[in-house]
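In: Predicted model and sequence below, questions to follow.
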Amino acid sequence: MSTGTLRIALVGNPNCGKTALFNQLTGGRQKVANYAGVTVERKEGRFTAPSGRVLQILDLPGTYSFDATSPDEQITRNVLEGNYPGEAAPDLIVCVADATNLRLHLRFVLEVKRLGRPVVLALNMMDTARRRGIEIDVDELQRRLGMPVVETVAVKRGGARALIERVDGEVPVAASALPDDAVSRAGLHAQVRTLLDATVRMPRATSALDDALDRWALHPVFGLLILAVVMFLVFQAVYSFGKPMSDAIGDGFDWIGAHLSIWLPAGPLQGLLKDGICTGLGTVLGFLPEILVLFFFILTLEESGYLPRAAFLLDRMMLSVGLTGRSFIPLLSSFACAIPGIMGTRSIQDPRDRLTTILVAPLMTCSARLPVYALLIGAFIPMHRVWGIFNLQGLVLFALYLAGILGAMLVGWVIKHMRKDRSEHALLMELPSYRVPQPRDVVIGLWERGAIFLKRLTGVILALTVIMWFISTFPSPPAGAAGPAIDYSIAGYLGRGLQYVFAPLGFNWQISLSLIPAFAARETAVAALATVYAVGGDAAAGGLAHALTTNFSLASALSLLVWFAFAPQCMSTLAVIRRETNSWRNVAISFSYMFAVAYAASLITYQVARLFL
Ligand SMILES: Nc1nc2c(ncn2[C@@H]2O[C@H](COP(=O)(O)OP(=O)(O)OP(=O)(O)O)[C@@H](O)[C@H]2O)c(=O)[nH]1
Ligand SMILES: [Mg+2]
């Protein structure tokens, strides 16, 4: 047997478990979630089979058919046909099919077979299939398809054993290509029906529990009500569970900061460690629990299968504002970060809908904005109970997220009315089975989120914080200077210059200055403010929140919150818009419309709030 590397590509309809199988085989941590279109890129991993042979595994975006034309499906097609730049066609195709939904998935299996290349069929989700009483005659299926068929359970340890044994053995010979008359669409349908009749016994088409749940979840009135309650509870939870943990971290850093001034002699080193790193980074790190709580809910919802239902419910509403139900999941991913959200739009087929989604995705509140929101809300909004059950801080946070969503709808609506072609597409979307989330996937997802956060914190945020500390400390004030030292530093001059632009929004020079590093990474605004106030000597008692409430009016705080809701997003987002749309023009449009909206909204907020507060 050959000991060379065997190159295997995983293909199949969306949501059949390709990535789960890939992770199981390679020990990878690619994102798995219960909706179609999770994987939008080609991902590669390695794995050594028991025989010692190295298998190189490719995870590919799901594809409904080779006729399909969305950008992610194109990648799969190019890889399989050997047209992907710099890559030969794979040695073996593992076609993954959801055993509970063979009526849909077998059609694609037949399309793959038509390629005339070596194929193994993995019948995945066999655990669910058995539970539902679906019986599959594997030998007969194998005989009729003319390719090896194995059963897998991608989410169970050892659930890919049969597949490993099969691919570690001899490489199957190429499936014979079908004669041309059998490949018309109607021909494929007929073939699938014949295959199903001969090999599968299905007690009923769908699960009774799914149907019962969907009667509520998809109900035009109760469905929307359930959606609203779910979203609302998530934000309440972020405050109720996240806040106490955040406070504990904040207290820890206060303690370290206080001791640094005892342990170290006064001077630049003490200043850098205490005001720069400990106060700046510590303040940002304090918001990690809130981010993790939010993601716990997002990941759980993703795995449950509920999200495509929400997309379905909102489809009508989204069409009326120039988006489609298909935009829902990319937009939801943008709550993590606009970058995966914008990349997720690859599963939107219509280029026009895709562009609209890309342009509004940065309006969704990314997790980098959470520290800024949490800081300002914590400082300015009292911890009241509203109607005895809701806390006011959670309500304000919810309102800010809502502002982003409504802003996106408004912009979508404007774009729709600016373009000539206003046709709408019906939403064709698969509703996956409901599933109890796998604790392992949720833990991996949280771990990945935490790791991304810490990497940003110790990378770009650390670097920017050190720079902020440096420019707020140097040059030292001239001898006999009367004002605070920081007024003579580079930061002081820079901030006062910027204040000309931002004073109408109610921003003082410290805030105006913090907007610059925020453009590289949002959270840095918090670190920058913490550092600038610490260097200025304002944050000594009561920390940053105290420094803010003494230097800052409620009207300015509201205006700043509104600014962060709409302001042009970080540089990396603009870079991704450039890459995904291949156009600087879209970057310019995106930046300028957001700047204009943010400026106008903050101006109105500040001027109105000043009248009433
Ligand atoms: N019960 C059960 N669930 C599974 C199995 N394999 C995958 N899943 C679940 O099915 C869902 C989809 O899995 P993914 O691996 O993301 O599917 P995919 O084929 O990569 O999907 P796309 O990337 O969208 O094409 C997730 O919720 C998984 O947890 C299985 O064998 N049994
Ligand atoms: Mg996938």
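Out: On my side now, so go ahead. Just so we're clear, the structure is a prediction, and the values are computed from it rather than from any experiment. Ligands and ions are numbered 1, 2, ... in the order given.
In: show me what contacts whatever residue of the stretch 151-300 of the chain ends up closest to ligand 1?
Out: Residue of the stretch 151-300 of the chain nearest ligand 1, by CB to the nearest ligand atom: A154 (3.5 Å). Backbone N, C-alpha and C define where each C-beta goes, glycine included. Listed by CB atoms under 8 Å, 6 or more residues apart in numbering, the contact set of A154 reads 17, 20-21, 23-24, 124-125, 160.
In: Secondary structure class of it, three-state.
Out: coil (DSSP: H, G, I helix; E, B strand; the rest coil).
In: got the contact list for T76?
Out: 11, 42, 60-63.
In: that older thread, give me the nearest residue to the residue of the stretch 151-300 of the chain closest to ligand 1, chain neighbours excluded.
Out: Leaving aside its chain neighbours, A154 sits nearest to A20 (3.7 Å; criterion: CB to CB, 6 or more residues apart in numbering).
In: if I read this right, G62 contacts L10, doesn't it?
Out: No. At 9.8 Å, G62 and L10 do not qualify as touching, with contact defined as CB atoms under 8 Å.
In: shared neighbours of those two, anything?
Out: Common contact partners of G62 and L10 (CB under 8 Å, 6+ apart): K18.
In: interface residues of the chain facing ligand 2?
Out: Contacts of the chain with ligand 2, taken as CB under 5 Å from the ion, map to 18-19, 38-39.
In: ok, D275 to L376 distance?
Out: For D275, the distance to L376 (CB to CB, to the nearest Å) stands at 21 Å.
In: Helix or strand next in line after the strand or helix carrying I329, which one?
Out: I329 belongs to helix 328-333 when elements are defined using DSSP states H and E. Per DSSP H and E, the first helix or strand lying C-terminal to helix 328-333 is helix 338-344.
In: what's next to that next one, contact-wise?
Out: 37, 40-41, 329-335, 358, 361-362, 364, 366, 569, 572-573, 576-577, 580.
In: Show me just the buried residues among these.
Out: With burial judged by 16 or more other CB atoms under 10 Å, the buried subset of those is 37, 40, 329-335, 358, 361-362, 364, 366, 569, 573, 576-577, 580.
In: coming back round to it: out of the contacts of T76, which sit inside strands?
Out: Among these, DSSP state E puts V11 in strands.
In: before we move on, the earlier item: now, the residues of the chain next to ligand 2 that are in helices?
Out: Secondary structure from DSSP state H places 18-19 of the residues of the chain next to ligand 2 in helices.
In: so which of the residues of the chain next to ligand 2 is the most crowded?
Out: Using other CB atoms under 10 Å as the neighbour test, those are led by K18, with 30 neighbours.
In: helices and strands around the helix ranked longest in the chain, which ones?
Out: Of all the segments of type helix in the chain, defined by DSSP H, the longest one is helix 584-612. With contacts defined as 3 or more CB pairs under 8 Å, 6 or more residues apart in numbering; DSSP states H and E, helix 584-612 has these neighbours: helix 351-360, helix 392-418, helix 554-566, helix 571-581.
In: Identify all contacting residues around the following helix or strand past the first one.
Out: Downstream of helix 351-360, the next assigned helix or strand under DSSP H and E is helix 370-380. For helix 370-380, the surrounding residues in contact (CB under 8 Å, 6+ apart) are 243, 246, 283-284, 286-287, 290-291, 294, 365, 393, 396-397, 400, 518, 522-523, 525-526, 529, 544-546, 548-549, 554, 557-558, 560-561, 564.
In: What is the most widely separated pair among the contacts of A154?
Out: For those, the maximum inter-member distance is 15.0 Å, found between N23 and M125 (CB to CB).
In: the more surrounded of the two?
Out: The residue with more neighbours, out of N23 and M125, is M125; 28 against 23, by other CB under 10 Å.
In: can you tell me which residues contact that one?
Out: Going by CB under 8 Å, 6+ apart, M125 touches 16-17, 98-100, 153-154.
In: could you check the distance from it over to ligand 2?
Out: Here the criterion is CB to the ion, to the nearest Å. By it, M125 lies 14 Å from ligand 2.
In: Now do that residue, the pLDDT please.
Out: M125 carries a pLDDT value of 94.
In: Would you check how far apart it and ligand 1 are?
Out: Separation of M125 from ligand 1 (CB to the nearest ligand atom, to the nearest Å) stands at 4 Å.
In: Write out the residues of the stretch 401-550 of the chain neighbouring ligand 1.
Out: When proximity is defined by CB under 6 Å from any ligand atom, the stretch 401-550 of the chain lies next to ligand 1 at 435, 438, 441.
In: Apologies, that question was intended for the stretch 251-400 of the chain.
Out: Remark: the part of the stretch 251-400 of the chain in contact with ligand 1 comprises E303, using CB under 6 Å from any ligand atom.
In: Phi, psi for the residue of the stretch 251-400 of the chain found nearest ligand 2 please.
Out: Nearest residue of the stretch 251-400 of the chain to ligand 2: S347, at 10.9 Å (CB to the ion). Dihedral angles of S347 (phi, psi; degrees, to the nearest 10) stand at phi -80, psi 0.
In: Enumerate every residue touching it.
Out: Applying CB under 8 Å, 6+ apart, we find S347 in contact with 14, 36-37, 40, 61, 70, 72, 326, 329-330.
In: can you rerun that using 7 Å?
Out: Contacts here follow CB atoms under 7 Å, 6 or more residues apart in numbering; on that basis S347 touches 37, 40, 70, 72.
In: Determine which residue of this protein is most distant from the centre point.
Out: Centroid-distance maximum for the chain: G480 at 53.3 Å, with CA atoms, centre = their mean.
In: Kindly give the local confidence score, pLDDT, for it.
Out: 76.
In: number of nearby residues for the closest residue to ligand 1 within the stretch 201-350 of the chain?
Out: Closest residue of the stretch 201-350 of the chain to ligand 1, CB to the nearest ligand atom: E303 (5.0 Å). Counted with other CB under 10 Å, the neighbours of E303 add up to 22.
In: my guess is it contacts P437, does it?
Out: Yes. Counting by CB atoms under 7 Å, E303 touches P437, with 3.6 Å between them.
In: which ones are touching F108?
Out: With contacts defined as CB under 7 Å, 6+ apart, F108 is in contact with 12-13, 63-65.
In: what do you get if the cut-off is 8 Å, keeping everything else the same?
Out: 11-13, 63-65, 95, 97.
In: are any of those residues buried, and which?
Out: Buried members of these, scored by 16+ other CB under 10 Å, are 11-13, 63-64, 95, 97.
In: Can I get those in TSV including pLDDT?
Out: Output for the buried ones among the contacts of F108, formatted as TSV (pLDDT from 0 to 100):
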residue	pLDDT
V11	94
G12	93
N13	92
T63	88
Y64	86
C95	95
A97	96
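In: quick check, nearest of those to ligand 1?
Out: The shortest approach to ligand 1 among those belongs to G12, at 6.0 Å (CB to the nearest ligand atom).
In: For that closest one, give its distance to A36.
Out: G12 sits 11 Å away from A36, taking CB to CB as the criterion.
In: Same question for N23.
Out: Separation of N23 from A36 (CB to CB): 18 Å.
In: what's the answer for N391, then?
Out: From N391 to A36 the distance is 37 Å (CB to CB).
In: So which of the two has more stuff around it?
Out: Neighbour totals were compared for N391 and A36, and A36 leads with 21 against 18 (other CB under 10 Å).
In: rewinding a little: could you dump the contacts of F108 to a markdown table with distance to S51?
Out: Shown next, in a markdown table, are the contacts of F108 (distance: CB to CB, whole Å):
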| residue | distance to S51 |
| --- | --- |
| V11 | 24 |
| G12 | 25 |
| N13 | 31 |
| T63 | 31 |
| Y64 | 35 |
| S65 | 35 |
| C95 | 23 |
| A97 | 26 |
